[in-house]
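Peer 1: sequence and computational prediction follow.
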Amino acid sequence: MRTLAFVGQKGGSGKSTLAASIGVAAQEAGERAFLIDLDPQATLASWGSRREAETPPVDRTRAAQLAAVLGALAANGYSLAIIDTQGADIAATSEVMRRADLTLIPSRPTLLDIEAAKPTVAALRQLGRPFAFVLSQAPATASNARADDAARALGQLGDVATPPICSRADHQDALALGVGVTERDPTGKAAREVRELWHWISERLQ
């Protein structure tokens, strides 16, 4: 079983939204996914409670129980665990980063988000764990200097996943309805971006 984590000190960067839609996209691609919510705000778990489909399942746990939970999921045939964390650099987040096969750091195209990512990057480098950035909530325009500059700045700190995830209403609508963006509008631009991002992630997890 592979483990994917969404981590970052900055709240509002889109960790929970991405975790939900990536979980659905991974399932559509043939993964048997399980979503784990470690955030006290329980945004991902609330999404799961609104979801009519039984899969992918979502449950809350604590960092102290994470090793046992991941072991049980692997023993039960799950191929992918996706972990959503709270927006703070705490011991729980360090435990997640230690156990993740890949940690994704969502970052909006702002200087504050990029600066806030540096302590997380330092912790991951110290742990020797693989990570990448996801440029999230990028302006939905064909060409945008701010997003391009942010991608270059993040690229100086580590790998940047492709494609950037643009700010689209489908993401908020899907979260409110308990679905992924690939279910909300399978032919929409948001759905296409998330499928492409999952493809990028899947290749890195091989």
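Peer 2: The structure has been received and is ready for your questions. Every value quoted in this text rests on a predicted model; they were computed, and no experiment measured them. Numbers count the residues shown, from 1 in each chain.

Peer 1: pull out the buried residues from the worst-scoring helix or strand of the chain on mean pLDDT.
Peer 2: Least confident element among the helices and strands of the chain, by mean pLDDT, DSSP states H and E: helix 145-155 (a mean of 84). Buried residues in helix 145-155, counted by 16 or more other CB atoms under 10 Å: 147, 150, 151, 153, 154. Where you see a C-beta, it was placed from the backbone N, CA and C, and this is true even at glycine.

Peer 1: partners of the helix or strand just after it, with directions?
Peer 2: Counting by DSSP states H and E, the next helix or strand C-terminal to helix 145-155 is strand 165-166. Its sheet considered, strand 165-166 pairs with strand 131-138 (parallel) by DSSP bridges.

Peer 1: send the alpha carbons of the partner strand over as PDB?
Peer 2: C-alpha atoms of strand 131-138 as PDB (Å, rounded to 0.1, in the frame of the first residue of the first chain):
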ATOM      1  CA  PHE A 131       7.700  15.700  -1.400                       C
ATOM      2  CA  ALA A 132       6.400  18.000  -4.100                       C
ATOM      3  CA  PHE A 133       4.400  21.200  -4.300                       C
ATOM      4  CA  VAL A 134       1.000  21.600  -5.900                       C
ATOM      5  CA  LEU A 135       0.200  25.100  -7.100                       C
ATOM      6  CA  SER A 136      -3.400  25.500  -6.000                       C
ATOM      7  CA  GLN A 137      -6.100  28.100  -6.500                       C
ATOM      8  CA  ALA A 138      -4.200  29.500  -9.400                       C
END
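
Peer 1: quick one: it to helix 145-155, angle?
Peer 2: Going by axes from the mean of the first three to the mean of the last three CA atoms, to 10 degrees, strand 131-138 is angled at 170 degrees with respect to helix 145-155.

Peer 1: so for strand 131-138, mean pLDDT?
Peer 2: Averaged across strand 131-138, pLDDT comes to 94.

Peer 1: coming back round to it: which secondary structure elements does the least confident helix or strand of the chain sit against?
Peer 2: If you count contacts as 3 or more CB pairs under 8 Å, 6 or more residues apart in numbering; DSSP states H and E, helix 145-155 packs onto helix 111-127, strand 131-138.

Peer 1: hey, which of the ones you listed is tucked in deepest?
Peer 2: Comparing those by mean neighbour count (mean count of other CB atoms under 10 Å), strand 131-138 ranks first with a mean of 23.

Peer 1: what's next to that strand, contact-wise?
Peer 2: 13-14, 18, 97, 102-109, 117, 121, 124, 144, 147, 150-151, 154, 157-161, 164-167, 197, 204 (CB atoms under 8 Å, 6 or more residues apart in numbering).

Peer 1: with adjacent residues omitted, what lies nearest to residue 147?
Peer 2: residue 138 (4.3 Å; CB to CB, 6 or more residues apart in numbering).

Peer 1: could I get the helices and strands packed on helix 145-155 as a markdown table with distance to residue 91?
Peer 2: Below are the helices and strands packed on helix 145-155 laid out as a markdown table (distance: least, CB to CB, whole Å):
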| stretch | distance to residue 91 |
| --- | --- |
| helix 111-127 | 11 |
| strand 131-138 | 18 |
